[in-house]
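**Q** Predicted model and sequence below, questions to follow.
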Amino acid sequence: MYRIHNAVRELGTEGWHKPWSGSNGGSCVEVRKLPDGRYAVRQSTDPEGPALVFTHTELDVFARGWEAGQATLAAS
């Protein structure tokens, strides 16, 4: 089980990609598949910040909500 406190410290910088793109000035999410099959999601403008961890099903639901305008990520 992964205990993620900080995306960079725990997960490193390799393997992240931006699965979604939009007209939001480069403020995107980045995703990385973890060895156990789950996915870590982080704010691209805050790569040293926290990451959310989803199962494949949870990430699918999140992505559908994102595309429908029901989900947003905001750097604090």
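**A** On my side now, so go ahead. Numbers count the residues shown, from 1 in each chain.
**Q** Quick check, pLDDT for residue 46.
**A** The per-residue pLDDT reported for residue 46 equals 82.
**Q** tally of neighbours for it?
**A** As a burial measure, residue 46 scores 16 neighbours (other Cβ atoms under 10 Å). (Each C-beta comes from the backbone N, C-alpha and C, glycine too.)
**Q** For it, give me the backbone phi and psi.
**A** In this entry, residue 46 is assigned phi and psi values of phi -140, psi 60 (degrees, to the nearest 10).
**Q** All the helices of this protein, residue numbers only.
**A** Chain-ordered helices for the chain, with DSSP state H as the definition, fall at 7-11, 56-67.
**Q** among those, which is nearest residue 36?
**A** helix 56-67 (11.1 Å; Cβ to Cβ).
**Q** In PDB, list the C-alpha atoms belonging to that closest one.
**A** Only the C-alpha atoms of helix 56-67 are listed here, as PDB (Å, rounded to 0.1, in the frame of the first residue of the first chain):
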ATOM      1  CA  HIS A  56      -9.000   2.300 -12.500                       C
ATOM      2  CA  THR A  57     -12.700   2.600 -11.900                       C
ATOM      3  CA  GLU A  58     -12.400   5.700  -9.700                       C
ATOM      4  CA  LEU A  59     -10.200   7.400 -12.200                       C
ATOM      5  CA  ASP A  60     -12.700   6.600 -15.000                       C
ATOM      6  CA  VAL A  61     -15.500   8.200 -12.900                       C
ATOM      7  CA  PHE A  62     -13.300  11.200 -12.100                       C
ATOM      8  CA  ALA A  63     -12.500  11.600 -15.800                       C
ATOM      9  CA  ARG A  64     -16.100  11.500 -16.900                       C
ATOM     10  CA  GLY A  65     -17.000  14.100 -14.200                       C
ATOM     11  CA  TRP A  66     -14.000  16.300 -15.400                       C
ATOM     12  CA  GLU A  67     -15.200  16.100 -19.000                       C
END
